[in-house]
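> let's see this in three dimensions:
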Amino acid sequence: MKFSSDDVLWLSVSPSLQCFDRSLLSYLNDSVPVQIWEYQQTEDEGCSLDMAVELLHDFLTMRDRPIHLIGHSTSGLVGLMYARRYPHKVSSLGLLAVGLPSAVNWQAHYYTHLAAFPWSSQQVLTQMVGDMLGCQNQSISQKFIPYFEDDLACSPCPHSLFRMNNSRDEGVEVPLLVCSSKTDFVVSPIVMRRWSKFLKKGDRFWECPDGRHFFHHFYPEQVGEEILNFWLSLHSRQPVLDLKF
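This is a model prediction of the structure:
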């Protein structure tokens, strides 16, 4: 089986944070063509993951074969929701930093901290950005804060200061790859390992030794190898696989 130019789709519902995806996408593209599907809502729109899922379905509805979906954090959550709703359209699902409950993301921690401590939003963001990136240099953290401010305004996050969304733990029918980081405080190893009771034969769970929440940015080769090997395992019985190693 060959991977054509539209067999793999990277999901992005956080446009302002795409800079953290580029290293991994570049690595994957050396072996497999990867398309990118983007979703961005305006600040005036209500947050709706369901809308993102249905727009993704509109995009994929004319395909005559399933597709490999992959995404990080909330983008991965959209892929998870899609795979549960339309499993016949999905060849496999790759989730990076999507735990159980699957709605846990950096924004959930942000709103929890904002409600619990007498800190300004800027103070909370400064602390969180430094922790997520493992950055001790405050001037570097300040550089990235606007990216996360934009994500608060324009990504379809299920959380707000007034309502925290909780999703139930459940698996998915399609072949599944779950990747995480041992040093991610946003989606902790304990939260990630809850996937173990839902993994099917052939599914994979992998932990990056470091890299915090954006481990795929800091370790693109290691993460990329796990993804490529997972796809290879799915097609190991096929006589031809057009991957360029």
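> bridged to the residue nearest the centre of the chain, which residues?
The residue lying closest to the centre of the chain (C-alpha atoms, centre = their mean) is His72, at 1.3 Å. His72 has these beta-bridge partners by DSSP bridges: Leu96.
> please tell me how far it sits from Phe117.
Separation of His72 from Phe117 (C-beta to C-beta, to the nearest Å) stands at 27 Å. To be clear about C-beta, it is placed using only N, CA and C from the backbone, and glycine gets the same treatment.
> how about Ser188?
Taking C-beta to C-beta, one finds Ser188 at 19 Å from Phe117.
> more neighbours: which of the two?
Neighbours were counted for Ser188 and for Phe117 using other C-beta atoms under 10 Å; Ser188 has more, 15 against 11.
> which ones are touching the more buried one?
With contacts defined as C-beta atoms under 8 Å, 6 or more residues apart in numbering, Ser188 is in contact with Gly99.
> contacting residues around the residue nearest to Ser23 when sequence neighbours are not counted?
Nearest residue to Ser23, sequence neighbours excluded (C-beta to C-beta, 6 or more residues apart in numbering): Pro220, at 3.9 Å. Applying C-beta under 8 Å, 6+ apart to Pro220 gives the contacts Ser23, Leu24, Ser26, Tyr27.
> now with 7 Å?
With contact taken as C-beta atoms under 7 Å, 6 or more residues apart in numbering, Pro220 is in contact with Ser23, Leu24, Tyr27.
> what do you get for Cys154?
Pro15, Ser16, Gln40, Gln41, Glu43.
> got it, and Gln18?
Ser12.
> how close does it sit to Trp119?
28 Å.
> can you tell me the SS state at Gly202?
Under the three-state scheme (DSSP: H, G, I helix; E, B strand; the rest coil), Gly202 adopts coil.
> list buried residues within the contacts of Cys154.
Ser16, Gln41 (16 or more other C-beta atoms under 10 Å).
> for Thr126, state which of the contacts of Cys154 is nearest.
Ser16 (16.7 Å; C-beta to C-beta).
> pLDDT weak spots in this structure?
For the chain, applying pLDDT under 70 flags the ranges 1-5, 42-47, 158-168, 237-245.
> now the helices for it?
Applying DSSP state H to the chain gives helices spanning 22-29, 49-60, 74-85, 106-116, 121-133, 138-154, 189-192, 215-218, 220-234.
> just the C-alpha atoms of the fifth one, please, in PDB.
In this case it means helix 121-133. Provided in PDB are the C-alpha atoms of helix 121-133 (Å, rounded to 0.1, in the frame of the first residue of the first chain):
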ATOM      1  CA  SER A 121      -4.300  36.900  33.700                       C
ATOM      2  CA  GLN A 122      -0.800  38.100  32.700                       C
ATOM      3  CA  GLN A 123       0.800  36.600  35.800                       C
ATOM      4  CA  VAL A 124      -1.000  33.300  35.200                       C
ATOM      5  CA  LEU A 125       0.100  33.200  31.500                       C
ATOM      6  CA  THR A 126       3.700  34.100  32.300                       C
ATOM      7  CA  GLN A 127       3.900  31.300  34.800                       C
ATOM      8  CA  MET A 128       2.200  28.700  32.600                       C
ATOM      9  CA  VAL A 129       4.100  29.600  29.400                       C
ATOM     10  CA  GLY A 130       7.400  29.200  31.300                       C
ATOM     11  CA  ASP A 131       6.300  25.800  32.700                       C
ATOM     12  CA  MET A 132       4.900  24.500  29.400                       C
ATOM     13  CA  LEU A 133       8.100  25.400  27.500                       C
END
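> now that helix: buried residues?
Counting neighbours by 16+ other C-beta under 10 Å, the buried set in helix 121-133 is Val124, Leu125, Thr126, Met128, Val129, Gly130, Asp131, Met132, Leu133.
> dump those to a markdown table, plus distance to Leu77.
Below are the buried residues of helix 121-133 laid out as a markdown table (distance: C-beta to C-beta, whole Å):
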| residue | distance to Leu77 |
| --- | --- |
| Val124 | 22 |
| Leu125 | 21 |
| Thr126 | 26 |
| Met128 | 19 |
| Val129 | 21 |
| Gly130 | 24 |
| Asp131 | 21 |
| Met132 | 17 |
| Leu133 | 21 |
